[in-house]
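K.L.:
what's the 3D shape of this:
(one chain, ligands or ions: 1)
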Amino acid sequence: MNIISVSNLRRAFGAKTAVDDLSFDVPRGAAVGYIGANGAGKSTTIKMLTGILKPTSGTALTCGLEPLQQRRQLARRIGVVFGQRSQLWWDLPLRDSFRALGAIHRLAPDAVRARTGELVDRLDLDDFVDTPVRQLSLGQRIRGEVAAALLHGPELLILDEPTIGLDVLSKERLRVFLTEQRAQHGTSLLLATHDMGDVRRLTERILVVDHGRLAFDGTLTELAGQVGAERIVVLDLTEPAPDLVGVPGTRLVGVEAGGLRQRLSFAPGETTVAAILSVVASRAQVHDLTIEEPDIEAVVRRLYAS
Ligand SMILES: Nc1ncnc2c1ncn2[C@@H]1O[C@H](COP(=O)(O)OP(=O)(O)OP(=O)(O)O)[C@@H](O)[C@H]1O
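P.N.:
This next block holds a predicted model:
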């Protein structure tokens, strides 16, 4: 059964068509990245999938339910996080919000306590679970939002820009947690994001929406093959080295500081960072490395142009 099923979905705001004849299915258990440029229609789609907005025409079924008419039943089966909008009670500590949400979802107090304990532990909420939400940092609040969305053990987690504004460490922590959750509970995931790192780490299929229409449906490797969405590995060497040309599957795209820093571009699917490093190791000593992800806006532009 499909956890999401969208058929000829359309939503207009006056003369502006935000979502236009959109059709796609997400099978139960899948993790799908939903990407597109600013204003492409991602949030509008999510609002229709969660019963916040009424479609102008077409249908959306989430967990087999009609989101607007069966909003209550749906709320028990999905968890939603909007990175830029809080669903927590601003003046309450997280722990009290979890209690309140548990009551709303009609969970037994013991079950809420057990689940809260697990989420506090897994998301490292210990230091601030008793602090009012308004005093939390962005990273702390987002972890709280994700815990709140998962409290009732939903079948489907919908995340809209969950890592926006987070520092590298907070992003990483959240990605690790979400990966574990999926592995443990088989939670389906729909992730709208501008972050290619999120897409790579958390999803196995990508939907690209452009001007409200589906522009691509496939894997990241297929997307890279179609538009050349290459990653760049930036190598900082302990000593200047001759240009790292001829490393299989890569292209040297930059040499800085007389050879101390070299940038190799590669297509995911053709090689891996580990394979690149093993070849480079025989020619230079690597002190540090960073990976630059392709910019989603650029990927979408190229997709549109191809
Ligand atoms: N309530 C509204 N009234 C009028 N226009 C709207 C409304 N909501 C969205 N739009 C328009 O619909 C289009 C799609 O917006 P949407 O928020 O779905 O895009 P998005 O892909 O989520 O963008 P972003 O990445 O910037 O969040 C945009 O042109 C936006 O201006």
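K.L.:
residues of the longest helix seen in the chain that come out buried?
P.N.:
Secondary structure assigned by DSSP state H gives helix 168-185 as the longest helix of the chain. Across helix 168-185, burial judged by 16 or more other CB atoms under 10 Å covers S170, K171, R173, L174, R175, F177, L178, Q181, R182. Every C-beta, even on glycine, is put in place using the N, C-alpha and C of the backbone.
K.L.:
mind putting those in CSV, pLDDT included?
P.N.:
Output for the buried residues of helix 168-185, formatted as CSV (pLDDT from 0 to 100):
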residue, pLDDT
S170, 85
K171, 88
R173, 88
L174, 90
R175, 92
F177, 92
L178, 94
Q181, 92
R182, 93
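K.L.:
make a markdown table out of those residues and add distance to G269.
P.N.:
Output for those, formatted as a markdown table (distance: CB to CB, whole Å):
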| residue | distance to G269 |
| --- | --- |
| S170 | 29 |
| K171 | 23 |
| R173 | 27 |
| L174 | 25 |
| R175 | 20 |
| F177 | 27 |
| L178 | 23 |
| Q181 | 26 |
| R182 | 22 |
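K.L.:
my read: E293 touches R200, true?
P.N.:
Yes - applying CB atoms under 8 Å as the test, E293 and R200 come out as touching, 7.1 Å apart.
K.L.:
distance of D25 from T179?
P.N.:
To T179, D25 is 23 Å away according to CB to CB, to the nearest Å.
K.L.:
whoops, G117 was the one
P.N.:
Counting by CB to CB, the gap from G117 to T179 is 21 Å.
K.L.:
same check, this time on D167
P.N.:
Counting by CB to CB, the gap from D167 to T179 is 19 Å.
K.L.:
likewise for A275?
P.N.:
A275 sits 23 Å away from T179, going by CB to CB.
K.L.:
ok, A108 next?
P.N.:
Taken as CB to CB, the span from A108 to T179 is 29 Å.
K.L.:
G79 too?
P.N.:
Going from G79 to T179 by CB to CB gives 16 Å.
K.L.:
what residue ranges in the stretch 151-300 of the chain score low on pLDDT?
P.N.:
Along the stretch 151-300 of the chain, the parts satisfying pLDDT under 70 run over 228.
K.L.:
which stretches of it form helices?
P.N.:
168-185, 196-202, 220-227, 273-280, 296-305 (DSSP state H, counting those that start in this stretch).
K.L.:
can you say which of those is nearest to S86?
P.N.:
With CB to CB as the criterion, S86 lies closest to helix 168-185 of the helices of the stretch 151-300 of the chain, at 15.9 Å.
K.L.:
and the closest one, what does it pack onto?
P.N.:
helix 109-122, helix 138-150, helix 196-202 (3 or more CB pairs under 8 Å, 6 or more residues apart in numbering; DSSP states H and E).
K.L.:
can you redo those as CSV with distance to the ligand and mean neighbour count?
P.N.:
Formatted as CSV, the helices and strands packed on helix 168-185 follow (distance: least, CB to the nearest ligand atom, whole Å; neighbours: other CB atoms under 10 Å):
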stretch, distance to the ligand, mean neighbour count
helix 109-122, 27, 15
helix 138-150, 16, 22
helix 196-202, 13, 21
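K.L.:
dump these to JSON lines, plus distance to S265.
P.N.:
Below are the helices and strands packed on helix 168-185 laid out as JSON lines (distance: least, CB to CB, whole Å):
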{"stretch": "helix 109-122", "distance to S265": "36"}
{"stretch": "helix 138-150", "distance to S265": "31"}
{"stretch": "helix 196-202", "distance to S265": "14"}
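K.L.:
who wins for proximity to T17 among those?
P.N.:
It's helix 196-202; of those, that one is closest to T17 (CB to CB) at 25.4 Å.
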